[in-house]
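Peer 1: A predicted structure for the sequence below; I have some questions about it.
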Amino acid sequence: MVVNANNHGGGDRYVIGVDFGTLSGRALVVRVEDGAELGTAVHEYAHGVIDEALPNSAGGRALPPDWALQHPDDYREVLRRAVPAAVAAAGVDPAQVIGISTDFTACTVLPTLADGTPLCELDEFRDRPHAYVKLWKHHAAQPQADRINTLAHKRPEPWIARYGGKISSEWEYAKGLQLLEEDAEIYARTERWIEAADWITWQLCGSETRNACTAGYKGILQDGVRPSATFLTTLNAGFADFNDKLDLAPGAPGISPLGARAGSLTAQAAAWTGLPEGIAVSVGNVDAHVTAPAAQAIEPGQMVAIMGTSTCHVMNGEQLAEVPGMCGVVDGGIVDGLWGYEAGQSGVGDIFAWFTEQSTPGYVQAEAAERGISVHELLTEQAAAQPVGAHGLVALDWHSGNRSVLVDHHLSGVIAGLTLSTKPHEVYRALLEATAFGTRVIIDAFEESGVPVNEFVVAGGLLRNSFLMQLYADITRRPLSLIGSSQGPALGSAIHAAVAAGAYPDVPTAARSMGKIERAAYTPDPKRASAYDALYAEYLRLHDYFGRGANEVLHRLRELRIEALADCDSAERDSAASDSAQRDSATLNATGAEA
């Protein structure tokens, strides 16, 4: 998809922001002086999310539950296709582009050789799942995360409190330990275990860097120190060298601050993108964290929620505090000079999509089609017509596990209060409310830990749903501001590109000129907010009952599911072996008869 824009000539300067999401990558052309967005283009990943089986070209091997992989060449294709298309759509002269910057989902990590070659692109490893990119929502490393957390508290390790008391299965160390324990050969061949945010920057400028954001939040780098070799060896003797796979080659620069220049665009990358060779390439960043400057929301107390398939909550603080269940607090993790905090929800838009695609009856689909609107729009319209609490439902938003504050990806969704008269739009509304309740749990955790949340700012695709936005304002009891751009991460990356190119001295200065925000676009309604308080109390009871150990039924159900799937796979393998034996026997008999 390409968005056209009028021709913009003259002496203006431009930068490119490239946002690598879960299903696609988007390039955005931005004018340096005022942040005007002039042209954008999207490229869908050919392989999408690889969560059921490897591509047929790689043997089509089936994947276990909770896996989510990607193919790195899909990321290069975004540079080859979306960037030149965005420049063409903007109608600008590529010679006037002075810098490019990227952001990525995280923790999205891949194993490579020392020169950056992904292992999945080597012929001998194309059919090995662990050789591929592990997407942020790859949750199969939960057992490894549990062991890391248990040992960290037993020792105790000083860094564990910086992550709310728990390391997520999504992060670098848990995924790395899973790699070692499930495919030791791939682990041994891995010379770099690198965030995609740093890998794509490497592809652009030919220089290997590590950005402060992913290193701190996903790579357990605190105060310049990673977990010790003794800690790693206690987890698994073969894990002692893992830090070497995370770090740069000896003699290379250390961790790069956000907005710094990683290097210059190479001739190869210039040919891919159509941009001038030698322009500035900024160090990598994370899609959520880069959005805060785009929304002019980098002052302490401004929480930014980037709402899409999942939600990431980021904010700055002047002081270091330890918030239970947060994803991390990192010095300079969002902007230099402030402590950057992160929390999040593993499933939000994904949950809404699951319901419309898997659980909506035919008559709802037919009505939406007849009216020429989406199922989401129809269900939202019907849900908005009901008073708060009229559905008699409360749900837990754990369909993709819980990132904050429980940090447990083996949890699953719950809907309580269903009756034979429950309508689809009522369940849909309960799911919308559940995600807002999950956000309120996160806000409350920050407030109770001495980190005030004064303003709630929303970015991402879901801000277009006005009913959902009002619902969030009511449930959180806070004014809700909106980013003034539909391309928050890409705009944030463009801001960092402008700083890397020297157009602005730092990110806050660039954000004041290039960022956009609509203050208090939604304000809480006191009557609805009070009604939601009663539902929130019920949500908290279920949250603690199912999530804090009172009843481990969700974990037990998951174990039963995995056992059943394993039995099924075993039976299928036995059946296939039997069929093969029968075919071999028949072949031998036929051969003997012919002889």
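Peer 2: Happy to help now that I have it.
Peer 1: host element of the nearest residue to P479 once chain neighbours are set aside?
Peer 2: Spatially, and ignoring its direct neighbours in sequence, P479 is nearest to A520 (4.1 Å; CB to CB, 6 or more residues apart in numbering). Backbone N, C-alpha and C define where each C-beta goes, glycine included. Per DSSP states H and E: A520 is located in strand 517-522.
Peer 1: Kindly state the pLDDT recorded for the residue sitting nearest the centre point of the chain?
Peer 2: In the chain, the C-alpha closest to the average C-alpha coordinate belongs to T105, at a distance of 4.1 Å (CA atoms, centre = their mean). Reading off the confidence values, T105 has pLDDT 96.
Peer 1: And it, its phi and psi?
Peer 2: Dihedral angles of T105 (phi, psi; degrees, to the nearest 10) stand at phi -60, psi 150.
Peer 1: Distance of it relative to F20?
Peer 2: With the distance defined as CB to CB, to the nearest Å, T105 ends up 7 Å from F20.
Peer 1: What of L177?
Peer 2: Going from L177 to F20 by CB to CB gives 25 Å.
Peer 1: repeat for V29
Peer 2: Using CB to CB, we find V29 at a distance of 17 Å from F20.
Peer 1: re the thing from before, name the nearest residue to the residue nearest to the centre of the chain, ignoring sequence neighbours.
Peer 2: W136 (4.6 Å).
Peer 1: Secondary structure element holding the one you found?
Peer 2: Per DSSP H and E, there is no helix or strand for W136.
Peer 1: pLDDT score for it?
Peer 2: Reading off the per-residue confidence, W136 sits at a pLDDT of 95.
Peer 1: Now for S310: which residues touch it?
Peer 2: With contact taken as CB atoms under 8 Å, 6 or more residues apart in numbering, S310 is in contact with W136, K137, G344, Q345, S346, G347, V348, G349, D350, S400, R403.
Peer 1: A174 contacts I148, doesn't it?
Peer 2: Yes: using CB atoms under 8 Å as the test, A174 is close enough to I148 to be in contact (6.1 Å).
Peer 1: Common neighbours of these two, please.
Peer 2: When contacts are counted by CB under 8 Å, 6+ apart, A174 and I148 have I167 as shared neighbours.
Peer 1: distance of M307 from D287?
Peer 2: Summarising the geometry, the distance separating M307 from D287, computed by CB to CB, is 12 Å.
Peer 1: More neighbours: which of the two?
Peer 2: Using other CB atoms under 10 Å as the criterion, M307 and D287 rank with D287 on top: 28 against 24.
Peer 1: my guess is that one meets T105, correct?
Peer 2: Yes: D287 is in contact with T105 according to CB under 8 Å; the separation is 5.9 Å.
Peer 1: list the residues that contact both of the two?
Peer 2: Residues touching both D287 and T105 (CB under 8 Å, 6+ apart) are F20, G21.
Peer 1: number of nearby residues for A369?
Peer 2: The tally of other residues near A369 (other CB under 10 Å) stands at 12.
Peer 1: Against E185, how distant is it?
Peer 2: Counting by CB to CB, the gap from A369 to E185 is 51 Å.
Peer 1: I'd like to know how far the closest residue to V553 other than its chain neighbours sits from R556.
Peer 2: Among residues not flanking V553 along the chain, F546 sits closest, at 7.0 Å (CB to CB, 6+ apart). Using CB to CB, F546 is found at 11 Å from R556.
Peer 1: Looking at the two, which has the bigger crowd around it?
Peer 2: Neighbours per residue (other CB under 10 Å) separate F546 from R556, with F546 holding more: 21 against 10.
Peer 1: what's the pLDDT at the more buried one?
Peer 2: In this prediction, F546 carries a pLDDT score of 98.
Peer 1: wait, it sits on A395?
Peer 2: No: using CB under 8 Å, F546 is not in contact with A395; the gap is 11.6 Å.
Peer 1: anything in contact with each of these two?
Peer 2: Going by CB under 8 Å, 6+ apart, residues that sit against F546 and also against A395 are V414.
Peer 1: A86 and G25 touch, don't they?
Peer 2: No: A86 is not in contact with G25 according to CB under 8 Å; the separation is 10.6 Å.
Peer 1: quick one, which of these two is more surrounded?
Peer 2: Shown here are A86 and G25; by other CB under 10 Å, A86 has more neighbours (30 against 26).
Peer 1: and the more buried one, what does it touch?
Peer 2: Residues in contact with A86 (CB under 8 Å, 6+ apart) are V2, I16, A27, L28, V29, G39, T40, A41.
Peer 1: Farthest pair within the residues you listed?
Peer 2: V2 and I16 (14.6 Å; CB to CB).
Peer 1: higher neighbour count, these two?
Peer 2: Comparing V2 with I16 by neighbour count (other CB under 10 Å), the higher total belongs to I16, at 29 against 13.
Peer 1: check contacts around E44.
Peer 2: When contacts are counted by CB under 8 Å, 6+ apart, E44 touches L23, S24.
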